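>>> Quick one: sequence plus predicted model below, questions after.
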Amino acid sequence: MGRTDNDTWDITESVGATALGVAAARAAETESENPLISDPFARLFLDAAGDGMWNWFAAPELPAEIAEAEPDLQPRMRGMVDYMAARTSFFDQFFTDATRAGVAQVVILAAGLDSRAWRLPWKGGVTVYELDQPAVLEFKAAALREAGAQPTCNLVHVPVDLRHDWPAALREAGFDSTAPSAWSAEGLLPFLPAAAQELLFQRAHALAATGSRIAVEAPGPGFMDEAARDRQRQTMRRVRELMAKLQPERDIPDVEDLWYFEEREDVGDWLTRHGWAVTVTPAEELMARYDRRPPQGIEDAVPKSLFVAAERTERN
């Protein structure tokens, strides 16, 4: 199912289900022999959501019939777990560094099942604003309440669609645009049309005082590669056909049906042009930094994303 301008979703549907897939990857990494990250809440979210395709990442093995028919799929999934572990560590470190430097406001755009407000050792006085669809935030809050989990910061949920007037909702929730803030856009941009991405950064820029920071997982230069997209679609089509025979009750969405393949400005260039000091790290370089690498001999095994970190150095 494709996207519409004002579509909404529950946690097991559409874009919401992708948050469960990411949580499953974090659970798999957390439960591995040598984990790069620790997310004790990821498995909790999977248990609360019930069975679904997202559990594949957190399972030790694929169904035998699928592993035999698609021998590249298991190493691809391992590669994605490694990618998600490196991605998670990148954003964890970004927020840790920002708050150590004195930033006391954190804004997590499209927070999904991000559990940083519960698992990171925030400094006293830090407020974390989580923005996402109301149903997604309520699912997360309910699962954590049921487990007796308590946030490690002053947590403020802002239930809002990022295509609507979220700056007004953020201000109403107590955000102070005159004080420095730290922002993240993780696993978000491909789900936005190009015009919505531009508006998102314009709004964040308008709210970010000098000294603010932002970290972004941005589409890389190969995002519009139609040949790579076709290869990935063919693989997923074969997997869906196999799974329909083995477990017809499972729905396997094609994540790329949820993405907007549109030309858009490079994030690092946009931020530089607007007075931010920018560092850009390609995904494979970031993974290598954490001693994680894509599986060898498999094309397009992990996203060719760019990880952007920036600090606002001037007001313009």
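Cool, the structure landed.
>>> Could you say which helix or strand holds residue 94?
helix 73-100 (DSSP states H and E).
>>> Can you give me the first-to-last residue distance of stretch 301-314?
39 Å (CA to CA, to the nearest Å).
>>> same question, stretch 297-308
Rule used - CA to CA; the end-to-end distance of stretch 297-308 is 27 Å.
>>> so how many other residues sit close to residue 285?
Applying other CB atoms under 10 Å, we find 12 residues neighbouring residue 285. For glycine as for every other residue, the C-beta is placed from the backbone atoms N, C-alpha and C.
>>> quick one: it is in a helix?
Yes. Assessed with DSSP: H, G, I helix; E, B strand; the rest coil, residue 285 lies in a helix.
>>> Convert the least confident helix or strand in the chain by mean pLDDT to CSV, retaining C-alpha atoms only.
The helix or strand of the chain with the lowest confidence, counting by mean pLDDT, DSSP states H and E, is helix 226-246 at a mean of 73. Extracted as CSV, the C-alpha positions of helix 226-246 are listed here (Å, rounded to 0.1, in the frame of the first residue of the first chain):
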residue,chain,number,x,y,z
GLU,A,226,16.6,2.5,-9.9
ALA,A,227,18.7,-0.6,-10.6
ALA,A,228,19.4,-1.1,-6.9
ARG,A,229,15.7,-0.5,-6.0
ASP,A,230,14.6,-3.1,-8.6
ARG,A,231,17.0,-5.7,-7.2
GLN,A,232,15.7,-5.2,-3.7
ARG,A,233,12.1,-5.3,-4.8
GLN,A,234,12.6,-8.6,-6.7
THR,A,235,14.2,-10.1,-3.6
MET,A,236,11.3,-9.0,-1.4
ARG,A,237,8.7,-10.2,-3.9
ARG,A,238,10.2,-13.7,-3.8
VAL,A,239,10.3,-13.7,0.0
ARG,A,240,6.7,-12.5,0.2
GLU,A,241,5.5,-15.2,-2.2
LEU,A,242,7.3,-17.9,-0.1
MET,A,243,6.0,-16.5,3.2
ALA,A,244,2.4,-16.4,1.8
LYS,A,245,2.7,-20.2,1.3
LEU,A,246,4.3,-20.9,4.7
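>>> Name the residues of it that are buried.
Buried residues in helix 226-246, defined by neighbour count with 16 or more other CB atoms under 10 Å: 229, 232, 236, 239, 242-243.
>>> any low-confidence regions in the protein?
In the predicted model, the chain carries pLDDT under 70 at residues 1-16, 52-61, 224, 243-244, 246-256, 315-316.
>>> Show me where it has its strands.
Assigned by DSSP state E, the strands in the chain fall at 105-109, 127-132, 154-159, 182-185, 213-218, 276-282, 306-312.
>>> The third one to strand 127-132, inter-axis angle?
Think strand 154-159. Strand 154-159 and strand 127-132 meet at an angle of 20 degrees, taking axes from the mean of the first three to the mean of the last three CA atoms, to 10 degrees as the criterion.
>>> Strand 154-159 pairs with which strands, parallel or anti?
strand 127-132 (parallel) (DSSP bridges).
>>> Distance from the chain centre to the strand it pairs with, please.
Centroid separation for strand 127-132 versus its chain: 14 Å, with CA atoms, centre = their mean, to the nearest Å.
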